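Novice: With the sequence up front, the predicted model follows.
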Amino acid sequence: MTIFGAIEAGGTKFVCGVGNARDGSLRTASIPTRDPDTTFADVCDFFREAVGLGPLSGIGLASFGPIGVNPAALDYGHILATTKPGWEGTDMIGRLRDALNLPIALDTDVNAAALAEAACGAEPVRHLAYVTVGTGIGVGLVVDGRSVNGMAHPEIGHILVRRHPAHGDFPGICRFHGDCLEGMAAGPALEAAWPGHNQHFPEDHPFWAVESDYIAQLCMNLILTTAPERIVLGGGVMKQERLFPLIQARTLELLGGYAHGVTDMAAMRRMIVAPSCSEPSGLIGAYLLAEGCVEPEALSLSPRVVCEA
């Protein structure tokens, strides 16, 4: 059994695993995200302590962003402008390479999750969007079986949305755009708009209509611009399962019958779904990144990855 290291690096925690995408993890650990030095010390200790499970063939890093994804750029693998204190400029690949001396494959956390959901769902698809709604809002895209990056990775979580009337004059919290999607609908925005609820809202609270409307606007835009076969909604906010039928119904309403193939609720329920991976999608995607670096012929999908040996 060939085994790899996998890291789903998030703003709240780093989920680390040893295993592979097909068989799952042999060992995992959840490491709180603190400052870079402390966090990476614990991450590297985890992989050193897992040496008894067998030699690692490489590591897949599915990272929060913004992060440099262009291998030809000087900022490749570095965290870019971020609201995460102390992390801007952090060389994510360099820290792992120097400590572990293994090939490393990089993509964003949401792109990795999209790869995993496209490959591991009950009906694998080649065109998929993965959305995380949590501390921030991010979108990963898989088109024709490959994750989408260009001069940078997509930042669809910062699109502008129509303001819901129940939000009143709430200005949004994004330090770059104020009332973009993330500034209005991510977890910290919910707490800022309605403090004291800790994201647990009574059934008659306006949150349900407001949040489902914003995420439905995102889903509508994804359907009209990228034509995915499936939209997977993950992240902490989406653990509130009551949101799913509200989002599906509102997306259908917003589309107004214009999108081919999703003109009724049955089709919308197949289109907009919860994650299906048995482990965190970003972690499975990180295994796929590592495997695509070392043995791409073994994968059902072929992510475009660059290995840092």
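Specialist: Yep, it's here.

Novice: what about the helices in the stretch 201-309 of the chain?
Specialist: 207-226, 243-255, 265-271, 281-294 (DSSP state H, counting those that start in this stretch).

Novice: so which of the ones you listed is the most packed in?
Specialist: Among the helices of the stretch 201-309 of the chain, helix 281-294 has the highest mean neighbour count (mean count of other Cβ atoms under 10 Å), at a mean of 29. For glycine as for every other residue, the C-beta is placed from the backbone atoms N, C-alpha and C.

Novice: Adding distance to residue 45 and mean pLDDT, write the helices of the stretch 201-309 of the chain out as CSV.
Specialist: Shown next, in CSV, are the helices of the stretch 201-309 of the chain (distance: least, Cβ to Cβ, whole Å; pLDDT from 0 to 100):
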stretch, distance to residue 45, mean pLDDT
helix 207-226, 38, 97
helix 243-255, 38, 98
helix 265-271, 42, 96
helix 281-294, 18, 89
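
Novice: just the helices in the stretch 1-150 of the chain please.
Specialist: Under DSSP H, counting those that start in this stretch, the stretch 1-150 of the chain gives helices at 36-49, 92-100, 109-120.

Novice: So which helix or strand of the protein has the lowest pLDDT on average?
Specialist: None of the helices or strands of the chain scores lower by mean pLDDT, DSSP states H and E than strand 307-308, at a mean of 49.

Novice: ok, back up a step: indicate which one of the helices of the stretch 201-309 of the chain is closest to residue 98.
Specialist: Closest approach to residue 98 among the helices of the stretch 201-309 of the chain is made by helix 281-294 (17.8 Å; Cβ to Cβ).

Novice: How far off centre is that closest one?
Specialist: 13 Å (Cα atoms, centre = their mean, to the nearest Å).

Novice: which other helices and strands contact that helix?
Specialist: Packing partners of helix 281-294 (3 or more Cβ pairs under 8 Å, 6 or more residues apart in numbering; DSSP states H and E): strand 3-9, strand 13-20, strand 56-63, strand 104-108, helix 109-120.

Novice: TSV for these, including distance to residue 263?
Specialist: Shown next, in TSV, are the helices and strands packed on helix 281-294 (distance: least, Cβ to Cβ, whole Å):
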stretch	distance to residue 263
strand 3-9	36
strand 13-20	38
strand 56-63	34
strand 104-108	32
helix 109-120	24
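
Novice: Packed most tightly, which of these would that be?
Specialist: Most buried of these by mean neighbour count (mean count of other Cβ under 10 Å) is helix 109-120; its value is a mean of 30.

Novice: that older thread, columns mean pLDDT and distance to residue 137 on top of the helices of the stretch 1-150 of the chain, output as TSV?
Specialist: Formatted as TSV, the entries for the helices of the stretch 1-150 of the chain read as follows, by pLDDT from 0 to 100; distance: least, Cβ to Cβ, whole Å:
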stretch	mean pLDDT	distance to residue 137
helix 36-49	96	23
helix 92-100	93	21
helix 109-120	92	9
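
Novice: okay if I get those helices as a markdown table plus distance to residue 208?
Specialist: Rendered in a markdown table, the data for the helices of the stretch 1-150 of the chain read as follows (distance: least, Cβ to Cβ, whole Å):
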| stretch | distance to residue 208 |
| --- | --- |
| helix 36-49 | 35 |
| helix 92-100 | 37 |
| helix 109-120 | 24 |
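
Novice: Tell me where this protein is predicted with low confidence.
Specialist: Where the chain drops to pLDDT under 70, the residues are 121-122, 150-152, 294-309.

Novice: Pick out the residue nearest the middle of it.
Specialist: By Cα atoms, centre = their mean, the chain has its centre lying nearest to residue 110, at 2.4 Å.

Novice: pretty sure it is touching residue 140, no?
Specialist: Yes: with contacts counted by Cβ atoms under 8 Å, residue 110 reaches residue 140, the gap being 3.2 Å.
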